[in-house]
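# how would this look folded up:
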Amino acid sequence: MREAVLHTSWGSWGLYLPKASTLREKFNQIILVLGMRLAMIGIRFGRGLSKPKLSCLLLPPASPGSLGDEAMLLGAIEQLKVLGVEEIGVLSYMESESWERKVKDPVVKHGYLGNILSSMEALKSFLCAVKTYQYFCCLGADVMDGHYGEQDTLQRFNFLRLADRMGVKTRLLNLSFNEHPALSSVRALRGLPKSIRISARDPLSLMRLEEKGNRPVAQAADLAFLLAPGEKSDQVREILRWIDEKRKQGFWVIGINANTQHLQVTQDLSLPQYVECFLDALEKLHREVVNTVFVLIPHDERGEMNDETILKAIFDKSSPEVRAHTLKVSFPLTACEIRDICAQLDFLLASRMHLAIAALSQAVPAAGISYQGKFEGLFQLFGMDSMCLRVSDIITPGVLPDFLKLRIIENKDWKDRIERKLGEIRGLARNNFEGMGKAVLTR
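Predicted structure coming up:
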């Protein structure tokens, strides 16, 4: 990866651009940025003449594939509509992987950045897209601390700075920040204009952002808590019928999710060992917790070794007795359908944070196997710190099934606690958009 350099010589914008390796690259960067500055003068002049219209452009964290990203985006759109936003734009990273096939709301317009997020062409595409909107909201999620690539992260910071310079009301919202962010991300965070409002989706991220960014940050909660019900496919109706029948027969219905990102957390865990951890848990729960059935639920379909692949391996290697009491869910699925499935569970073990949110938002107790510190922050919102396991914990034989047995026994207490906190947490999720609305626009 080429080093990204903050160029402050082109006015006070400060764009993060790849360090030019030749004079030609340097010249092209200068010409492009000068052209963008001239275009911005015209855009700002045009904005001053236009009538105020409550509109908002959203940048999702990634291309489609994660039902967590889908839940966040749909939750954001739902809340913007509640606030009376008349036009909502969604920027996809590339036309071949467009959010248009997932988000079909007539209020929403779709645009594209191009094939390479960190390119200068993406900057131009963003400038053309954002110019007609009153608000720009970057859904930060877990992509702003540099964990998934510093160049792409810095480009998102470029978008925030450009939108702010154009007079667009700009927000970095629904943000989490891991314990060891990239230095380039910390510097970019500190360099953001104070006019850009930042909101953190959990207390741990709030603390890290305020400490690293040296600026105030608003406490919020994840936008997925605002996801509204949607339509169900025939496949999902059949799943719900299976769960309903098992519950009528007196079974406990336990959801299970696995995520191969856990293998990146520790070198002490191989894929066969990871599968064995879940096999051990299912076998012991089946033997020791009376009347238990399992639903294996995928939540991310990106890549060859995605959730569905690893859950199939767990199902195929399970004993015949466990398989007879297990339902394996398959894609295609939507975020709303996952929410509907989770609502019918008695308990969920999640390896994806947004799958846990799908359960918690329906007052269904959920535990999580953590990575990047996201689960810890989520469970702090509910006062449920003990619902979180580290990846290193599950390696020890017996730890995962014993952990789950105890939480299932305490299920009623956890459910009551979640129900008491849900209203407050949905309010925090709405706080991502605090101050937005027609009344604010006309002041």
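
# State the pLDDT value of Leu209.
Leu209 carries a pLDDT value of 97.

# all helices for the stretch 251-400 of the chain, in order.
Along the stretch 251-400 of the chain, the segments classed as helices by DSSP state H, counting those that start in this stretch run 271-288, 307-317, 320-323, 335-343, 353-360, 374-382, 391-394, 399-409.

# Quick check: phi and psi on Glu301?
Dihedral angles of Glu301 (phi, psi; degrees, to the nearest 10) stand at phi -110, psi 10.

# For it, which non-adjacent residue is closest in space?
Distance criterion C-beta to C-beta, 6 or more residues apart in numbering; nearest residue to Glu301, sequence neighbours excluded, is Phe331 at 5.0 Å. In this view, the C-beta of every residue, glycine as well, is placed from N, C-alpha and C.

# same thing with Leu240?
Gln344 (6.1 Å).

# right, so of the helices of the stretch 251-400 of the chain, which gets closest to Met207?
Closest approach to Met207 among those (C-beta to C-beta): helix 374-382, 9.2 Å.

# neighbouring contacts of the closest one?
Outside helix 374-382, the residues that touch it by C-beta atoms under 8 Å, 6 or more residues apart in numbering are 142, 176, 178, 201-205, 221-222, 353, 356-357, 360, 368-370, 385, 387-388, 417-418, 421, 425, 428.

# next one: that helix to chain centre, how far?
The chain centroid and the centroid of helix 374-382 are separated by 14 Å under C-alpha atoms, centre = their mean, to the nearest Å.

# likewise stretch 112-132?
Remark: stretch 112-132 is offset 22 Å from the chain centroid, using C-alpha atoms, centre = their mean.

# ditto for stretch 88-95
Centroid displacement of stretch 88-95 relative to its chain, using C-alpha atoms, centre = their mean, is 16 Å.

# re earlier: pick the most deeply packed of the helices of the stretch 251-400 of the chain.
Scoring these by mean neighbour count under mean count of other C-beta atoms under 10 Å gives helix 353-360 as the most buried, with a mean of 29.

# Need the mean per-residue confidence for that helix.
Averaged over helix 353-360, pLDDT sits at 98.

# Also stretch 270-284?
pLDDT averaged over stretch 270-284 gives 94.

# Might you list the low-confidence residue ranges for the stretch 51-200 of the chain?
Applying pLDDT under 70 to the stretch 51-200 of the chain flags the ranges 51-52.

# which stretches of it form strands?
Using DSSP state E, counting those that start in this stretch, the strands of the stretch 51-200 of the chain run over 55-59, 87-92, 108-112, 135-141, 169-175, 197-200.

# Out of these, flag the one nearest Glu276.
Nearest to Glu276, of those and by C-beta to C-beta, is strand 135-141 at 31.1 Å.

# Check which helices and strands the closest one is in contact with.
strand 55-59, helix 67-82, helix 150-165, strand 169-175 (3 or more C-beta pairs under 8 Å, 6 or more residues apart in numbering; DSSP states H and E).

# Mean neighbour count and distance to Arg323 added to the ones you listed, as TSV?
Below are the helices and strands packed on strand 135-141 laid out as TSV (neighbours: other C-beta atoms under 10 Å; distance: least, C-beta to C-beta, whole Å):
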stretch	mean neighbour count	distance to Arg323
strand 55-59	24	42
helix 67-82	23	25
helix 150-165	22	41
strand 169-175	25	38
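
# Dump the ones you listed to JSON lines, plus distance to Gln273.
Shown next, in JSON lines, are these (distance: least, C-beta to C-beta, whole Å):
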{"stretch": "strand 55-59", "distance to Gln273": "38"}
{"stretch": "helix 67-82", "distance to Gln273": "26"}
{"stretch": "helix 150-165", "distance to Gln273": "31"}
{"stretch": "strand 169-175", "distance to Gln273": "33"}
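
# Compare the ones you listed and report which one is nearest to Ile394.
Closest among those, using C-beta to C-beta: helix 67-82, at 21.1 Å.

# between that closest one and helix 353-360, how many degrees?
For helix 67-82 against helix 353-360, the angle by axes from the mean of the first three to the mean of the last three C-alpha atoms, to 10 degrees is 60 degrees.

# and helix 67-82, how far out from the chain's middle?
Worked out by C-alpha atoms, centre = their mean, helix 67-82 lies 10 Å from the chain centre.

# what angle sits between it and helix 335-343?
Put simply, helix 67-82 runs at 110 degrees to helix 335-343, going by the same axes, to 10 degrees.

# what sits against the residue nearest to Ala218 when sequence neighbours are not counted?
Nearest residue to Ala218, sequence neighbours excluded (C-beta to C-beta, 6+ apart): Ser199, at 4.2 Å. With contact set as C-beta under 8 Å, 6+ apart, Ser199 has these partners: 171-175, 217-220, 431-432, 434.

# Out of those residues, which comes closest to Thr396?
If you rank the contacts of Ser199 by distance to Thr396 using C-beta to C-beta, Leu175 comes first, at 33.4 Å.

# which ones are touching that closest one?
Contacts for Leu175 (C-beta under 8 Å, 6+ apart) come out as 140-141, 144, 198-201, 205, 209.

# Please tell me how far Glu337 sits from Ser195.
Relative to Ser195, Glu337 is positioned 39 Å away (C-beta to C-beta, to the nearest Å).

# Hmm, I typed the wrong one, I wanted Pro401.
51 Å.

# The residue nearest to Gly255 when sequence neighbours are not counted bridge partners, please.
Distance criterion C-beta to C-beta, 6+ apart; nearest residue to Gly255, sequence neighbours excluded, is Leu348 at 3.9 Å. Here Leu348 sits in beta bridges with Gly255, Ala366, going by DSSP bridges.

# number of nearby residues for Leu348?
Around Leu348 there are 25 other residues, counting by other C-beta atoms under 10 Å.

# Next, the contact list for it, please.
Applying C-beta under 8 Å, 6+ apart, the residues near Leu348 are 254-257, 297, 342, 355-356, 359, 364-367.

# rerun at 7 Å
For Leu348, the contact set (C-beta atoms under 7 Å, 6 or more residues apart in numbering) comprises 255, 342, 356, 359, 364, 366.

# for Leu404, same thing?
By C-beta under 7 Å, 6+ apart, Leu404 lies in contact with 281, 285, 349.

# Nearest to Phe315, out of these: which one, please.
Using C-beta to C-beta, Ala281 comes nearest to Phe315 of those, at 13.4 Å.

# my guess is that closest one meets Pro401, correct?
Yes - using C-beta atoms under 7 Å, Ala281 is in contact with Pro401, at 4.4 Å.

# thinking again about what came up before, for the contacts of Leu404, give me CSV that also has distance to Leu123.
Listed next are these as CSV, based on distance: C-beta to C-beta, whole Å:
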residue, distance to Leu123
Ala281, 48
Leu285, 52
Leu349, 42
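
# What about the residue nearest to Glu301, how many residues nearby?
Residues near Phe331, counting by other C-beta under 10 Å: 15.
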